[in-house]
Structures are given as C-alpha cells and as structure tokens.
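Participant: Sequence first, then the predicted structure, then my questions.
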Amino acid sequence: MTSFRWLSASAIALAAVPLSAQQTPSFDTARIARHVQTLSSDAFEGRAPASRGEQMTVDYLVKEFTAAGLQPGGDLVNGQRQWTQKVPLLKSDLLSAPTVSVVTPTGPLNLAQGEQIAVRSPTNGQQQVQLNGAPIIFAGYGVSAPERQWDDFKGQDVKGKILVVLVNDPDFEGGEGQFGGKAMTYYGRWTYKYEEAARRGAAGVMIVHETDPASYGWATVKNSNTISMFDIVRQNPAGEHTPFESWIQRDTAVQLFRAAGLDFEQAKQAAKRRDFQPIDLKARLNATLNAKTEVINSNNVAAILPGRTRPDETVIYTAHHDHLGIGLPDTNGDRIYNGAADNATGVAHVIEQARAFARRPRPQRSVVFLVVAAEEKGLLGSEYYASNPLYPLAKTAGVLNTDVMGVNGRARNFTVRGSVKLDLIDRVVAEGRRQGRVLTPEPNPGAGSFFRSDHFPFAKVGVPAISYSPGNDLLNGGVARGTALAADYTAKRYHQPDDEFSPDWDYSGMVQDAQLLHRVGYALANSADWPEWAADAEFREIRQQSAAERGGVAPPPSNVPPAPETVPAPQGERG
Ligand SMILES: [Zn+2]
C-alpha cells in the first residue's frame, strides 16, 4: 500500500508536524464531570429527540462550542453555517397499549405490552393497524442470503403473515458456520429481520428474545421498544417496515410452539440448518394498534475548526447526544432515562476535545465536532448525516466516535467495536502503545456492536470510522473488577432509569482515552493521509470510489465481494 502516491506524500506531511508527548493537551476532569452531571440531570428529561431536553442539550453544546472558540459547522442557510443540522424524523407514538391476542389450537393467549410482548409503534406509514387472524409461522432466523446459499423462507409466500424469528445468526450458538461464527453479521441484527419481512410483504414480526444471542435482557427490549418510535422520513416507509414489529419473551414463544404440539428448542435446532423449512404454528394473531404520527425536527450539532491549508478535508469526532427520554418507570418509580454514561460521557469528551483542538495550532485539515441526534432510535442522526453530508464524505479522512466513556479510572487496555481491519485502528494502537496500553479485541463480537453506534452509517458509505471504547483491565482491580463493573452496568443501568451521574466517578481513564484520541485525530488532521480499509474489509470497495473522486490513485480492486452487511440500511438500535 505504501506504493500509492497519496500515502507516500502523507509520510512527508506527518514528518513536518511532529507531535511530542509534551504537546498532548491536558483534559480537566472537573469540566468533564460538570458536562456529564448537567446533561444527565433530570432537568434534561433524558434528552429524547425533539424534546425540550434536546433543545436544552443543543443550547448547552452551542454555548460550550462558542466558548471554546469554534465556528458553526452545520446547515448552510443563506450562505451562513448554522450550529445545527436539521434532522427530519418520523415520530410514531401508540395512543394506548396495543391489544394483542393469539388464537392457538389449545386456546387464546393474551400478550400484554411490556410483559409477554413489546410492540413498536408503527413506522410503516399507518396510524391504525388492525390485524384479524393473521397466520403465524416460524421462519427460523428470517434470513435470505443467496451468496451464503442460505434461505430460511424456501420460496414460501409470507405475505400477510406474522413471522416468528430468532435473533442473531444461525451459527451464533455453534460458534462456526456460514455467518462468521460468534461474530454477528448484519443478518443477525434485529433491524435486518424487520427489513427482510417488509421486503416480503409480511404483516409483522415477533422476534424471540433470548438474552444470550440478543446480548441484553428483556428490560432493555421493553424499554427500547415501548416508547416513541422514530425513523428518518422515507419515500416508501412500507417497503422498510411491516405494520407489526415486536419482540416476544422466550417463555411466550415456548407456549406458542407447545400449543402447536412443537418443542421450541427442537425447532431452534432445525433453524440452524440450511435445509430448514418454515413451520406453521397453527396460530393466528389479532392485534389493534392506534398511533399518532408526525414529522419532527431533531438536530445534529456541528462545530468546526477550519483547516489551515486544506479546509475541505475533514477529520470528524462524533458522539450522540440523545438518550431514551421519559418512559416506563422502574421499580422505584423513576421514569427519566438520564443517560449519564450513555452518552453524556461521550458528549463531554467531544466538547473537551473541541476545546483542546482550539487551543493548539490549527491543523491543515478541518476538524468537525459532530454531536448527533437520535442514535438510540436507530443511529438516525448519523444516518442522516451520512445521507446528507455537510462536508464531502470522499474528503473525510476519518471518524472517531465515542459512545459510553470509562468512569472507573485508568485501564491498561482499550477496545474498538467490531472486528474490522482498518489503518485508523493501527493509528489508535500505535498511540495506545505510547501510553503503554494495548488494544483488546472486543470480548463479545456476537453482540453485533459494530452495527450499534454512530460510526456505522459512516462505515457503510466507506468512510474510515471507528467507535473507541474504554478498556476493562483497570489499574485498580484489573480485569476482574473491570468485567464486574461492566456486567453491573449492563444489568442495572444500561438503557434504564438508573444510568445516572455519580459524584464518585473517576475520569482519569477517560482523560487518557481523550489524549489518545486527540493525538490520533490531530496527527490525521495534520497529514495528507487517507486511512484505508483492509483488503478483506466489506467497506473497502466503496471507499475506493471516494479515492477516485479525490483524484488519488485508487488501490487495485480487491477480489473480495462486498459483504452483505453493507447492503441493507440499518433501521434502528440501541447503542
Ligand atoms: Zn449510546
């Protein structure tokens, strides 16, 4: 790769702006704490998209970026950059709890919202959904992957039917197979299951929740699916969404199968095989959903430090500012989903990163601080940016995303979401080494975390983009304590009202991470480098088109076919 012109030129540029260790800026933990505490306070009401809390968040960010000396980097209106990029969203709210019942061969089964089932408010363009006796079939993993010779539908017409499907990939439990083993492909994502069902004209989907393959418990499913639903505004929403999108508890699935004289576990084993045939569950679904829908404007916030010599080229720091807002109460009656770790910490990082950049000699390239909206509704702010870029994607050298920073002190390691290979990661590893720290591969690639944060919409369009995550090998307590704290967070706070600020948090690790990310971004912004995906990375092909647009010498086309992960657009998750 070093034979390419733009890479050798970059080596010279790097050498021209050496960074000594002394130049690494310091980060102020008191300021970080103030940002996290303010943004996650009850006054901000959980920062739901387009809420009063979002407006307070936007105002806070504008105030901080202005004070830091940055310029507005958002929408161009009459030749003037605004601080925000408007993000039009379709918002859908159930007006009342949906009534859902299943007629089975052994009698009726009532499914209560939040208990046995979590039904999403429809985003298929309908406000009223009435299903009367829709046949229910088990469609295995709901996957149609011709290039992997895998088809769970076997030509069966599923129009007007309800599909019961399993989450994750068919080879998740076995650990090896057609779908990368434990690592999740896009076929394993629940968003994919909904999209495939919509492409086939199904009436709806019931995804069976199992904690291991889903990677989170029922509380997370319930809290993420029984509140307002959002999508970016689409031309043909029915092509992307069925009228009835839901998850059901595993016990409910077991009952449903038993009523048809079937064993759920046996059916699941059958679904792991290529010769799986859809199974008629001999049941029918009746459901009534009443929703109101509206188009609302959420906002990305963008600040820019214009580049000294090549301002049209950018390095972007991202973090999502939204969280889940006000929702169902927990056992203590708390209804505000404060989102302190997720992602007031990431926002605090971007604010302080912006300050750090503003206090140094301006880099050659522009640096954009993009605080995106509606991540929790399906990466919608970053998806919108990737579809409507404020700065050319072909000239975006890299995206460094932070979604949940460390608050448990310094760590000997750090991680990056997913298992992709990318020059940008090599740079992170090199800077980590300078700090005496190492990259630890993601412990749980089966959770599909690569598809679950704001770097992904950028990666999908070829822009080198990573989500950096704190390490778990803590100086105080090692991996044992780090793992225990992470498990405790997932069980008790992740996407729950208890993700709240604590005065006891230790930001020393976050400072170290900020310094590492600063050095990576500053060096990239002062170079002519275009980090590249590895030869077997699924996002390489599309990036080569960008290289051609830039007038660079594109690497020869790789023989690796684009992976299916890049084909369907993600509809939602929960970072
Ligand atoms: Zn998040």
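Facilitator: Good, I have the coordinates. Residues are numbered from 1 along each chain as shown.
Participant: Tell me how far the closest residue to Gln364 other than its chain neighbours lies from the ion.
Facilitator: Excluding its sequence neighbours, the residue lying closest to Gln364 (C-beta to C-beta, 6 or more residues apart in numbering) is Thr309, at 4.4 Å. Heads up, the C-betas are built off the backbone N, CA and C, glycines and all. As judged by C-beta to the ion, to the nearest Å, Thr309 and the ion stand 35 Å apart.
Participant: Thr309 against Arg362, yeah?
Facilitator: No: look at Thr309 against Arg362 with C-beta atoms under 8 Å: they stay out of range, at 9.2 Å.
Participant: The two: which is more packed in?
Facilitator: Arg362 (17 against 12; other C-beta atoms under 10 Å).
Participant: dump the residue contacts of the more buried one.
Facilitator: 305-308 (C-beta atoms under 8 Å, 6 or more residues apart in numbering).
Participant: where does the stretch 401-550 of the chain dip in pLDDT?
Facilitator: Residue ranges of the stretch 401-550 of the chain with pLDDT under 70: 445-446, 536-538.
Participant: Which one of the contacts of Arg362 is nearest to Thr106?
Facilitator: Distance to Thr106, by C-beta to C-beta, is smallest for Leu305 among the contacts of Arg362, at 65.9 Å.
Participant: in a helix, that's where Pro25 is, yeah?
Facilitator: No: in this structure, Pro25 is coil, not part of a helix, as judged by DSSP: H, G, I helix; E, B strand; the rest coil.
Participant: what sits against it?
Facilitator: 356, 359-360, 515, 518.
Participant: again with Thr123
Facilitator: Counting by C-beta under 8 Å, 6+ apart, Thr123 has contacts 90, 92, 229-231, 237, 240-241, 245, 293.
Participant: what pLDDT does it get?
Facilitator: At Thr123, the pLDDT value in this model is 95.
Participant: Next: Gly575.
Facilitator: Confidence score, pLDDT, at Gly575: 37.
Participant: before we move on, the earlier item: turn the contacts of Pro25 into CSV, columns for distance to Tyr468, secondary structure and neighbour count.
Facilitator: Output for those, formatted as CSV (distance: C-beta to C-beta, whole Å; DSSP: H, G, I helix; E, B strand; the rest coil; neighbours: other C-beta atoms under 10 Å):
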residue, distance to Tyr468, secondary structure, neighbour count
Ala356, 16, helix, 21
Arg359, 22, coil, 10
Arg360, 20, coil, 14
Gln515, 12, helix, 20
His518, 12, helix, 24
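Participant: Now tabulate those residues in CSV and tack on distance to the ion.
Facilitator: CSV is the format used below for those (distance: C-beta to the ion, whole Å):
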residue, distance to the ion
Ala356, 22
Arg359, 28
Arg360, 28
Gln515, 22
His518, 21
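Participant: who's in contact with the closest residue to Leu474 other than its chain neighbours?
Facilitator: Distances taken as C-beta to C-beta, 6+ apart place Gly482 nearest to Leu474, at 4.5 Å, with adjacent residues excluded. For Gly482, the contacting residues are 408, 411, 471-474, by C-beta under 8 Å, 6+ apart.
Participant: repeat that for 10 Å
Facilitator: 406, 408-409, 411-413, 470-476, 509 (C-beta atoms under 10 Å, 6 or more residues apart in numbering).
Participant: cool, and Gly462?
Facilitator: 386, 393-394, 396, 533, 537-547, 566.
Participant: One more pass at 8 Å, please.
Facilitator: 393, 533, 539-546.
Participant: Quick check: of these, which lies closest to the ion?
Facilitator: The ion lies nearest to Phe539 out of those, by C-beta to the ion, at 21.4 Å.
Participant: which stretches of this structure have low pLDDT?
Facilitator: 1-22, 445-446, 536-538, 552-575.
Participant: And the helices in the stretch 351-500 of the chain?
Facilitator: 380-387, 423-434, 455-460, 478-492 (DSSP state H, counting those that start in this stretch).
Participant: which of these is buried the deepest?
Facilitator: For the helices of the stretch 351-500 of the chain, the largest average neighbour count (mean count of other C-beta atoms under 10 Å) is found in helix 455-460, namely a mean of 27.
Participant: circling back to that earlier point, among the contacts of Pro25, which pair sits farthest apart?
Facilitator: Arg359 and Gln515, at 13.7 Å, using C-beta to C-beta across the contacts of Pro25.
Participant: Would you pull up the residue in the stretch 1-150 of the chain closest to the ion?
Facilitator: Arg47 (11.1 Å).
Participant: for that residue, what are its contacts?
Facilitator: 39, 53-54, 57, 321-323, 325, 339.
Participant: Show me this structure divided up by domain.
Facilitator: Split into domains by automatic domain parsing, the chain comes to 5-18+29-68+306-548, 92-291.
Participant: Please identify the deepest-packed of the ones you listed.
Facilitator: With a mean of 21, the top stretch among those by mean neighbour count (mean count of other C-beta under 10 Å) is domain 5-18+29-68+306-548.
Participant: and Thr314, that one's in a strand?
Facilitator: Yes: counting by three-state DSSP, Thr314 is found in a strand.
Participant: just checking, it touches Val368?
Facilitator: Yes: at 5.1 Å, Thr314 and Val368 qualify as touching, with contact defined as C-beta under 8 Å.
Participant: Assumed Ala523 was part of a strand.
Facilitator: No: secondary structure of Ala523 (three-state DSSP): helix, not part of a strand.
Participant: so it makes contact with Ala430?
Facilitator: No: between Ala523 and Ala430 there is no contact, the gap being 9.5 Å when judged by C-beta under 8 Å.
Participant: returning to that earlier point: go through the contacts of Arg47 and flag which are in strands.
Facilitator: Gly325 (DSSP state E).
Participant: can you name the two of the contacts of Arg47 that are farthest apart?
Facilitator: Leu39 and Gly325 (13.3 Å).
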